[in-house]
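Engineer: A predicted structure for the sequence below; I have some questions about it.
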Amino acid sequence: MINKFFLIFVFSLISQMSYTQSYELEIKVTNIETVKGEIFSAVYNSQETFLVKKSAYKASKVPVKSKIVIVNFKNIAEGEYSVALYHDINSSGQMDRNMLGIPKEDYGFSNINSIIFSRPSFEETKFYIKSDTSIVIELQ
C-alpha cells in the first residue's frame, strides 16, 4: 500500500517537472573595439544577487573573435532577469579598474544603452523572459 502511494507521488513529481518550460536567452554584444580577450556575462534573477560576486543565476565566458559576439544561455525559466557583462581584453579573469575603482575595460547591462556614471540597479536593468529571448547589449 505504501509503495503504491510512493510511486504515485514520484510520478506526479516527474510529470510536473516535465511541464516546466525553459527558454533560451541570446545576447548580442556590440560595440567591441578590440578583437581579443573574452566577454564575461552574468545573468541575475534577483535584486539580492545582482552584481554580487559568484552569485549569478548563470554565467558564461566567450572568446572575442569579431566585433560582435553572441552569448547563449539555455534552460532559463520564465521570470525576471538582468544581464551584466564586460570585455576582459587582457584575459585576466577580472574587470580591471583604476585607482578610483572605475572600470578600465568596457562593460554593458541589459536595458541600458547610454553611458552611465553609477552602478545600475536590478530594477533598471531587468527584463522578463516568457519565451526564447534575444537582447542586444552595447559595450560602453
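Structural biologist: Received, thanks. Residues are numbered from 1 along each chain as shown.
Engineer: So for this protein, which residue is the most central one in space?
Structural biologist: V43 (2.2 Å; C-alpha atoms, centre = their mean).
Engineer: Assign a three-state SS to it, would you?
Structural biologist: strand (DSSP: H, G, I helix; E, B strand; the rest coil).
Engineer: How about it, nearest residue that isn't a chain neighbour?
Structural biologist: Once flanking residues are discounted, V43 sits nearest to K58: 4.4 Å by C-beta to C-beta, 6 or more residues apart in numbering. C-beta coordinates here come from the backbone N, C-alpha and C atoms, glycine included.
Engineer: is it true that the one you found touches I76?
Structural biologist: Yes. Using C-beta atoms under 8 Å, K58 is in contact with I76, at 7.3 Å.
Engineer: more neighbours, the two?
Structural biologist: Taking other C-beta atoms under 10 Å, K58 and I76 do not tie; I76 has more neighbours (19 against 16).
Engineer: Name the residues linked to that one by a beta bridge.
Structural biologist: I76 has the following beta-bridge partners by DSSP bridges: Y23.
Engineer: need the contact list for the closest residue to S82 other than its chain neighbours.
Structural biologist: Nearest residue to S82, sequence neighbours excluded (C-beta to C-beta, 6+ apart): T125, at 4.2 Å. By C-beta atoms under 8 Å, 6 or more residues apart in numbering, the contact list for T125 reads 50, 82-84, 109-112.
Engineer: Please pick the buried ones from these.
Structural biologist: Listed as buried from the contacts of T125 are 50, 82-84, 109-110, 112; burial here means 16 or more other C-beta atoms under 10 Å.
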